[in-house]
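K.L.:
Attaching a predicted model along with its sequence, questions to come.
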Amino acid sequence: MLLTARVLSVEEFFRLGTFTAASVQRDYIWDSQQSEDLLADVERAATAHSAEPEQEGGVRISVAAGAVEEDEGPDEAAAPQAGQDDAPSYHLGSVVLRRDGDESFEIFDGLQRATTLTILLCIIRDLTSSEALRERIAAAIFQGAVTRLVFPGSDGTLFAEIQAAGQAIRSFRRPVSARGQRIRRSRSVFYGYLKMWDQDRLARLGDFLLSRTLLVVATTDCQTLARQVFITANNRGVQLRPVDIFKGQLLELAESGEALEKAAHRWNGIMHVAGEGIEDFMRAYDFVKRCEPQGPDHLAKLAGIIEKNYGANGLDEVLDDILRHASTWAWLMEKLKTAPSTPADLDIWRLRFFKWFEWKPIALAWYHDYGEKRGVKTGGAAAKAENAFKQRFGALHRICMMMTLAKFSTNDRARIFGKALSQSRNPFSTSTIRPGALTFRPQQIARILESLATPLQDDETRLSLMRWLESMSDEPAFAADAAFASVEHVLPQRPAPDSQWLKDFPDEDERFFACHSIGNLALMDYSENLKITNLDFHLKLPTIKEQSQKYKTLAGIAQKTSWRAAEIRERAGKMIDLACKQLNIPRPGRP
């Protein structure tokens, strides 16, 4: 038989033998987002298979103004849900191999996933305390003394920094190729999340990844056939978007030509209102209705609920509801882009600093709720809606900043916001009996403080943090300055060989920690930042003084005449104090 296919677990796949990249394969090109998506998909499936234990009770801290320690009775019921995916496994797609010996293969399709899985497994191996799990992963990474996955060329990042035992949880700073940089970024994504997990959660993910994450592995001895399969798989026609399939499922509910035409017209209206953001909108709408982490089939599940609960007779009601939410979405997106004119608008505007998606559904739900209630003239409903609006959005950008610093994973954020949507009475309650979903345990606050006190290496985290802090100053830069500014490392990341910086910071490790300390970071116009990137401090100072008129995070630096370790430590303490004050969280040892 020219081509055989079978379903194998990740563990079984890697233990087939050793693997090299076929000549038709691209280099490793996945970056942070693809790696984060893979972890989110696998973790979501693993959690559905073995649900995370509830962590109720205990001391809680709320960042919301007016949060109280109350127990208001049972939470209001969430919208009907499709139920957790109870499938015993997760399918990660197909891999095409050409046999190049008894236990040797060329990867024609699947190199990106095989490489990313290797990175993820090695981090779990180096973090876990389970000897049995560590041995299983080691057998998936090595065949004897030989690594199972090998890249051609001279760049040894995958072996030296990932596959070698104990190295995947270390940080390296030596120069590497573009491939090496992408491997490092994927490693940074995984390590940033997994280092915060407890051992039980880490072990559950590791076991699920090895045993229950599946690949369809197609194998052939024929290079021509392997190439043809690869080309066919990667040169398909334009695929239907999930939103197009969802539309088709809804329109199938229409029972006649007239009803079908009417439903299609309404859907076109939804498309017009949501515009180019239709996919993000429908993803947010689905989450508002189902309140659970989403997979690629989330809209198919939503369509199933609509068919079950509404049927053909309720199709108009559903489409009207989607259209009203689409209008709210359009208003919300405009608020994010427009310079704010009121404190409440500023609270919404600050959400633009967070590039991840999970805050958007709850913002949509809250903004929609506000729009529905603010026009009610009886019973003080409008005043209550106004107060709830201010409390909710005054807290939401702080919660997003805390989740970013605490390194909550995609699924952590989705579970928390999903629970918050079901706690419509008070998701900010600090009750020890039934705490609000949008409150934080002391251990999570400790994570945030640790992130603030250690090097801020992650580009997105430090950019979000510095922009957010700038917007929280007494005179925030409303004219989109903070939203588009870049992060200035006063002590440069790559100082010139003959610079004063290397004399003031001769130790490489000390220089690294100082460079990425919050005390060394500020905002600046990108064009000005580019001009002074690696200059010595006295040459940077005129630009810093000029830019400090626009960016308040530069003000303390502009007053200095030198910039050494003592100045960075002093400012780090002040910046951490400022962050804690603006987040409304306590800092140990401070009044």
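P.N.:
Everything's here; your move. Numbering: from 1, shown residues only.
K.L.:
tell me the domain boundaries of the chain?
P.N.:
Residue ranges for the domains of the chain, per automatic domain parsing: 3-54+85-233, 242-440, 454-583.
K.L.:
could those domains be laid out in JSON lines, adding distance to Arg60 and mean neighbour count?
P.N.:
C-beta coordinates here come from the backbone N, C-alpha and C atoms, glycine included. As requested, the domains of the chain are arranged in JSON lines below (distance: least, CB to CB, whole Å; neighbours: other CB atoms under 10 Å):
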{"stretch": "domain 3-54+85-233", "distance to Arg60": "14", "mean neighbour count": "18"}
{"stretch": "domain 242-440", "distance to Arg60": "4", "mean neighbour count": "18"}
{"stretch": "domain 454-583", "distance to Arg60": "15", "mean neighbour count": "17"}
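K.L.:
Pipe those into JSON lines and attach distance to Arg447 and mean pLDDT per row.
P.N.:
What follows is those, written out as JSON lines (distance: least, CB to CB, whole Å; pLDDT from 0 to 100):
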{"stretch": "domain 3-54+85-233", "distance to Arg447": "6", "mean pLDDT": "90"}
{"stretch": "domain 242-440", "distance to Arg447": "4", "mean pLDDT": "90"}
{"stretch": "domain 454-583", "distance to Arg447": "11", "mean pLDDT": "91"}
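K.L.:
Nearest approach to Ile61 belongs to which of those domains?
P.N.:
For these, the distance to Ile61 is smallest for domain 242-440, at 5.0 Å, taking CB to CB.
K.L.:
Check the separation of the first and last residues in the closest one.
P.N.:
Terminal residues of domain 242-440 are spaced 35 Å apart (CA to CA, to the nearest Å).
K.L.:
what are the ranges of the helices in the stretch 401-550 of the chain?
P.N.:
Assigned by DSSP state H, counting those that start in this stretch, the stretch 401-550 of the chain shows helices spanning 410-422, 442-453, 459-471, 481-484, 500-504, 508-515, 526-531, 537-547.
K.L.:
from the chain's centre, how far out does the shortest one sit?
P.N.:
So that's helix 481-484. Relative to its parent chain, helix 481-484 has a centroid offset of 21 Å by CA atoms, centre = their mean, to the nearest Å.
K.L.:
packing partners for that helix?
P.N.:
Packing partners of helix 481-484 (3 or more CB pairs under 8 Å, 6 or more residues apart in numbering; DSSP states H and E): helix 459-471.
K.L.:
quick check: angle from the helix it packs on to helix 442-453?
P.N.:
Calculated by axes from the mean of the first three to the mean of the last three CA atoms, to 10 degrees, helix 459-471 forms an angle of 90 degrees with helix 442-453.
K.L.:
So which residues make contact with helix 459-471?
P.N.:
Outside helix 459-471, the residues that touch it by CB atoms under 8 Å, 6 or more residues apart in numbering are 32, 346, 349-350, 353-355, 397, 401, 404-405, 451, 456, 476-477, 481-483, 485-487, 516, 518, 521-523, 551-553, 575, 578-579, 582.
K.L.:
Mind listing the strands the longest strand along the chain pairs with, and their directions?
P.N.:
Counting by DSSP state E, the longest strand found in the chain is strand 90-99. If you go by DSSP bridges, strand 90-99 pairs up with strand 104-109 (antiparallel), strand 213-220 (parallel).
K.L.:
Indicate which one of those is closest to Pro497.
P.N.:
Of the strands paired with strand 90-99, nearest to Pro497 by CB to CB is strand 104-109, at 40.8 Å.
K.L.:
Do you have the helices of the stretch 151-300 of the chain handy? List them.
P.N.:
In the stretch 151-300 of the chain, helices defined by DSSP H, counting those that start in this stretch lie at 157, 178-194, 199-211, 223-233, 242-251, 257-274, 278-290, 298-309, listed in chain order.
K.L.:
Among these, which comes closest to His368?
P.N.:
Using CB to CB, the nearest of those to His368 is helix 278-290, at 8.0 Å.
K.L.:
Wait, a strand at Ser562?
P.N.:
No: counting by DSSP: H, G, I helix; E, B strand; the rest coil, Ser562 falls outside a strand, being coil.
K.L.:
For it, give me phi and psi.
P.N.:
With angles defined as degrees, to the nearest 10, Ser562 sits at phi -140, psi 160.
K.L.:
Now it. Nearest residue, chain neighbours left out?
P.N.:
The shortest distance from Ser562 to any non-neighbouring residue, by CB to CB, 6 or more residues apart in numbering, is to Phe537 (6.5 Å).
K.L.:
In contact with the one you found, which residues?
P.N.:
With the criterion set at CB under 8 Å, 6+ apart, Phe537 makes contact with 490, 500-501, 560, 562-563.
K.L.:
repeat for Ser327
P.N.:
Going by CB under 8 Å, 6+ apart, Ser327 touches Val273.
K.L.:
What of Gln493?
P.N.:
By CB under 8 Å, 6+ apart, the contact list for Gln493 reads Cys515.
K.L.:
would you say Pro88 is within a strand?
P.N.:
No: Pro88 is assigned coil when assessed by three-state DSSP, not a strand.
K.L.:
Arrange the domains of the chain in TSV, one row each, with distance to Val63 as further columns.
P.N.:
Shown next, in TSV, are the domains of the chain (distance: least, CB to CB, whole Å):
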stretch	distance to Val63
domain 3-54+85-233	19
domain 242-440	4
domain 454-583	6
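K.L.:
Can you check which of these gets nearest to Ser62?
P.N.:
The minimum distance between Ser62 and these falls on domain 242-440, with 4.7 Å, by CB to CB.
K.L.:
Work out the gap between the closest one and the centre of the chain.
P.N.:
Remark: domain 242-440 is offset 18 Å from the chain centroid, using CA atoms, centre = their mean.
K.L.:
Name the nearest residue to Gly277, sequence neighbours excluded.
P.N.:
Of all residues not flanking Gly277 in the chain, Met333 sits nearest, at 6.3 Å (CB to CB, 6+ apart).
K.L.:
got a list of contacts for stretch 240-249?
P.N.:
267, 278-279, 282, 296-300, 302-303, 307.
K.L.:
where's Phe230 relative to Thr4, distance?
P.N.:
Distance of Phe230 to Thr4, given as CB to CB, to the nearest Å: 16 Å.
K.L.:
Please disregard the earlier target; I meant Lys540.
P.N.:
Distance from Lys540 to Thr4, counting by CB to CB: 63 Å.
K.L.:
ok so, going back, Leu319 is nearest to which of the helices of the stretch 151-300 of the chain?
P.N.:
Closest approach to Leu319 among the helices of the stretch 151-300 of the chain (CB to CB): helix 257-274, 4.3 Å.
K.L.:
quick one on the thing from earlier: with distance to Glu372 as extra columns, can I get the strands paired with strand 90-99 in TSV?
P.N.:
Formatted as TSV, these follow (distance: least, CB to CB, whole Å):
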stretch	distance to Glu372
strand 104-109	49
strand 213-220	42
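K.L.:
For Arg494, find the nearest of these.
P.N.:
Arg494 lies closest to strand 104-109 among the strands paired with strand 90-99, at 34.7 Å (CB to CB).
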